[in-house]
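1. My questions are about this predicted structure, shown below with the sequence.
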Amino acid sequence: MKRKLRNWYTYASPVTLYPLVNRLIPWFAIPSAILFAAGLYVGFVVAPTDFQQGEVYRVLFIHVPAAWMGMLLYVLMSVYASLGWAYNIRVSSMMASALSMTGAMFTLISLVTGSLWGRPAWGTWWVWDARMTSTLILLFLYIGFIVLQMSIDDPRRADRAGALVAAVGLINVPIIYMSVQWWNTLHQGATIRIVQQSTIAPPMLTALLLMVAACWLYSVAVVLARLSCIMTEREHFQVAE
Amino acid sequence: MNHTVYVWGAYAVAFAAMGIEVWILMKRKQSVRKPKSGNQP
């Protein structure tokens, strides 16, 4: 057990983590591409047309995974940034920086695709509803974290400042998640439930879960690729072609 | 108006964003890559 723990600690150093990160990227990138293809096939070919919404509901196969990834990556970013700040672990802070861009991108995708679904389904591109407003705040938190890190030249100071923003902004994630229950919103409630039966047809659920898995693997692959770049830039590694 | 436009629009935006992210990452990776003479960490 002690040996196992010691082995894991060795990956807290960029020098030992760097080769592992580069080896892992294809193991996530290739399955992600396969799952995207499978998810799109099930979502567009196998899943039936919804009797109320028609074809428009298919937007949810990308909107829901993007929204989940936006929230999940923020939680991870906050945890890594806080660990880096509290224990002075450089790799943790680098990981938080690597997560921020992908998290911001998924939050933006969730807002844009949600808007594209809202127009035909609700008759409006946007409303200042609790779920949408709190998701927009999440995007601003991501942007704040990224801009703050970019504006400070010293990476260690930038990491500490970013960690503060990430930790304070974490309160927004449960607000987003619970907003449909706490407030009377236009946004629908949870369709997929862990403890109760989901209110979604099995082929639709399959497509959704495939897209969630694809987005998850995509995130891991791009975050690792970005982490590799950050480690190279900050630690001045000499990378062989 | 045909609603499939919104569906294609949503997927186009999502995959374009992911594609741009991957492209930027590849460019960044190329720019940090140095000649072979260096040491692997």
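-> Structure's in. What do you need? Residues are numbered from 1 along each chain as shown, chains lettered A, B, ... in the order given.

2. residue ranges with poor pLDDT in chain A?
-> In the predicted model, chain A carries pLDDT under 70 at residues A:1-8, A:186, A:188-199, A:236-241.

3. mind listing the helices in it by residue range?
-> Listed in chain order, the helices found in chain A under DSSP state H are A:2-9, A:14-41, A:60-87, A:90-122, A:130-151, A:155-169, A:172-182, A:202-235.

4. interface residues of chain A facing chain B?
-> Selection of chain A residues close to chain B by CB under 8 Å from any CB of the partner chain yields A:14-15, A:18-19, A:40, A:54-56, A:58-59, A:62-63, A:66, A:101-102, A:105, A:108-109, A:112-113, A:116-117, A:119-120, A:218, A:222, A:225-226, A:228-229, A:232-233, A:235, A:237-241. To be clear about C-beta, it is placed using only N, CA and C from the backbone, and glycine gets the same treatment.

5. List only those of these flagged as buried.
-> Buried by 16 or more other CB atoms under 10 Å in any protein chain shown: A:14, A:18, A:40, A:55-56, A:58-59, A:62-63, A:66, A:101-102, A:105, A:108-109, A:112-113, A:116-117, A:119-120, A:218, A:222, A:225-226, A:228-229, A:232, A:237, A:239, out of the residues of chain A next to chain B.

6. can you pull the contacts of the spatially most central residue of chain B?
-> In chain B, the C-alpha nearest the mean C-alpha coordinate belongs to B:Val22, at 2.2 Å (CA atoms, centre = their mean). B:Val22 makes contact with A:Val222, according to CB atoms under 8 Å, 6 or more residues apart in numbering or on different chains.

7. I'd like to know how far it sits from A:Met101.
-> According to CB to CB, to the nearest Å, B:Val22 and A:Met101 sit 12 Å apart.

8. B:Arg33 now?
-> 20 Å.

9. Please determine how far the spatially most central residue of chain A is located from A:Met150.
-> With distances taken as CA atoms, centre = their mean, A:Met69 lies nearest the centre of chain A, 3.1 Å away. Applying CB to CB, the value for A:Met69 to A:Met150 is 22 Å.
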